[in-house]
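Asks: Got a predicted model here, sequence first, then my questions.
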Amino acid sequence: MRSKLFVPASRPELFRKAEASEADAISFDLEDAVDAARKDEARALLAAYLRNPRAHDKLVIARVNAIGTPDFEADIAAVLHDGLDIVNLPKVENADQVQTAIAHIEAQQAFRDRTRPLEYLVNIESASGLQNAVAIARAHPRIMGLQIGFGDLFAPLGIAQTNVFALAQVRWCVRMAAADAGIHAYDGAFLDIAAAQAFREDARAARDMGFVGKTCIHPSQIALANEVFRVDPDELAYAQKVVAAAEKAKGRGVGAFVVDGRMVDGPFISRAYRVVREARRQSARS
C-alpha cells in the first residue's frame, strides 16, 4: 500500500469517491474521525457497504476502536464481511492486547463464515507501544504491518510533529520491529494538507528508512504518496541487472560478482529481487 486514504465511516458520500481515487487502499474509520454520537450510524453504514459486491481492486481496511473501549465489540460485529481485507487495531500497547483482540475477532461466527483470510494492521501510537513494538509485531502470524500514529504518540508528550529527530527515532524503532517480524512498516499521516512539497519530503524520509507507504488524510495527498513510494526507475534498472547477473551466477556457483562497478552479494541480491517483484506489483495495479 503506497497510499492509504482515510475515509470517516460516517460519511457515505465519500465512499464512491474513494473507490474512484488512485489510492492503493481505503481505510474506513470508525475511531477518531467519527463523533461518539454517530458511532452506531457509522457502523451501520460501513456494514452495508462491506456487504455489497466490490467494484474496485483496492484493499479495504476498517480502523476499529481500541480493544477495551465500549465500541470495540460492536465495531467487529459490524465489519466482519467479505468486503473487508484488513482490520486496523489502534492504540495497541502490548502483545497481549493484540492477541486478545484477534482471539475475539476469530471467535466470531462471521469470521468463520468468511471465504477469504483476514489480516491485521497494528498501530504504534504510544510510548508503551513503541517500547513493545517488536513483541507487538510478532504477536500473531496474520499481522501484515505496523503503522505509526504520530498524533496520538506526540501530542500528549508535547513533541512537535515537525521535529525531524523525533520522527526519525520513531520511524527507526518501528521499522526495525517490523523487520524483525518480517512484515511491512507504514508511515503515519501528514497534517498540513496544503503543503505538497513538505508532504513529499516527509514521505521520502519514511521511504528512505524502508517504509513502503503512507497514510493520506486528503485525496490531494494520494498522488504524492504514490509518486514517492513507487519503485524508482534507476533503482529498478540496476536491480534488473543484478537479478540477471545472479541468475547467471547460480549455474557457476558464484555468490558475489560486480555489476556496474559495484560489488554485489547476498543481501544486495535479495534486495534486487524484492525491487523487481515490487515493480511488477505496482505495474499490475497501474
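Replies: Okay, I see it. Numbering: from 1, shown residues only.
Asks: in this structure, what spans have low per-residue confidence?
Replies: The model of the chain has pLDDT under 70 over residues 284-286.
Asks: ranges for the strands of it?
Replies: Using DSSP state E, the strands found in the chain span residues 3-8, 25-29, 59-63, 86-89, 119-124, 143-148, 184-187, 213-216, 257-259, 262-264.
Asks: Identify the residues contacting the second one?
Replies: Residues from elsewhere that reach strand 25-29, judged by CB atoms under 8 Å, 6 or more residues apart in numbering: 1, 3-9, 15, 18-19, 46, 49, 58-63, 86, 88, 215. All C-beta atoms are positioned from the backbone trio N, CA, C, and that covers glycine.
Asks: Repeat that for the third one.
Replies: Taking CB under 8 Å, 6+ apart as the criterion, the residues outside strand 59-63 that touch it are 1, 4, 6, 9, 24-31, 46, 50, 54, 75, 79, 83-88, 90, 121.
Asks: Parallel or antiparallel, list what pairs with it.
Replies: Next to strand 59-63 in the sheet, as set by DSSP bridges, lie strand 25-29 (parallel), strand 86-89 (parallel).
Asks: how far does that strand sit from the chain's center?
Replies: Between the centre of strand 59-63 and the centre of its chain there are 10 Å (CA atoms, centre = their mean, to the nearest Å).
Asks: okay, the angle between it and strand 3-8?
Replies: 50 degrees (axes from the mean of the first three to the mean of the last three CA atoms, to 10 degrees).
Asks: May I see the domains of the protein written out as residue ranges?
Replies: The chain breaks down by automatic domain parsing into domains covering 3-229, 233-285.
Asks: Could you identify the longest helix within the protein?
Replies: helix 266-285 (DSSP state H).
Asks: Buried residues, that helix. List them.
Replies: Buried residues in helix 266-285, counted by 16 or more other CB atoms under 10 Å: 268-269, 272, 275-276, 278-279, 282.
Asks: what does it rub up against?
Replies: 2, 24, 57, 230-231, 235-236, 238-240, 242-243, 246, 255, 264.
Asks: Separate out the buried members of those residues.
Replies: Buried members of the contacts of helix 266-285, scored by 16+ other CB under 10 Å, are 2, 24, 230-231, 236, 238-239, 242-243, 246, 264.
Asks: possible to save these as CSV with distance to Gly210?
Replies: Formatted as CSV, the buried ones among the contacts of helix 266-285 follow (distance: CB to CB, whole Å):
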residue, distance to Gly210
Arg2, 14
Asp24, 18
Arg230, 15
Val231, 14
Leu236, 17
Tyr238, 18
Ala239, 15
Val242, 18
Val243, 20
Ala246, 21
Val264, 19
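Asks: from the chain's centre, how far out does stretch 92-110 sit?
Replies: Centre to centre, stretch against its chain (CA atoms, centre = their mean), the figure for stretch 92-110 is 19 Å.
Asks: Need the CA coordinates for it. CSV is fine.
Replies: Taking Å, rounded to 0.1, in the frame of the first residue of the first chain, the C-alpha atoms of stretch 92-110 are listed here in CSV:
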residue,chain,number,x,y,z
VAL,A,92,-2.1,-1.1,20.9
GLU,A,93,0.4,-1.0,23.8
ASN,A,94,1.5,-4.7,24.2
ALA,A,95,1.3,-8.1,22.5
ASP,A,96,-1.4,-9.4,24.9
GLN,A,97,-3.8,-6.7,23.7
VAL,A,98,-3.2,-7.8,20.1
GLN,A,99,-3.7,-11.4,20.9
THR,A,100,-6.9,-10.7,22.9
ALA,A,101,-8.3,-8.6,20.1
ILE,A,102,-7.6,-11.1,17.4
ALA,A,103,-8.9,-14.0,19.5
HIS,A,104,-12.2,-12.1,19.9
ILE,A,105,-12.4,-11.4,16.2
GLU,A,106,-11.6,-15.0,15.2
ALA,A,107,-14.1,-16.4,17.7
GLN,A,108,-17.0,-14.7,15.8
GLN,A,109,-19.2,-16.8,13.6
ALA,A,110,-19.0,-14.0,10.9
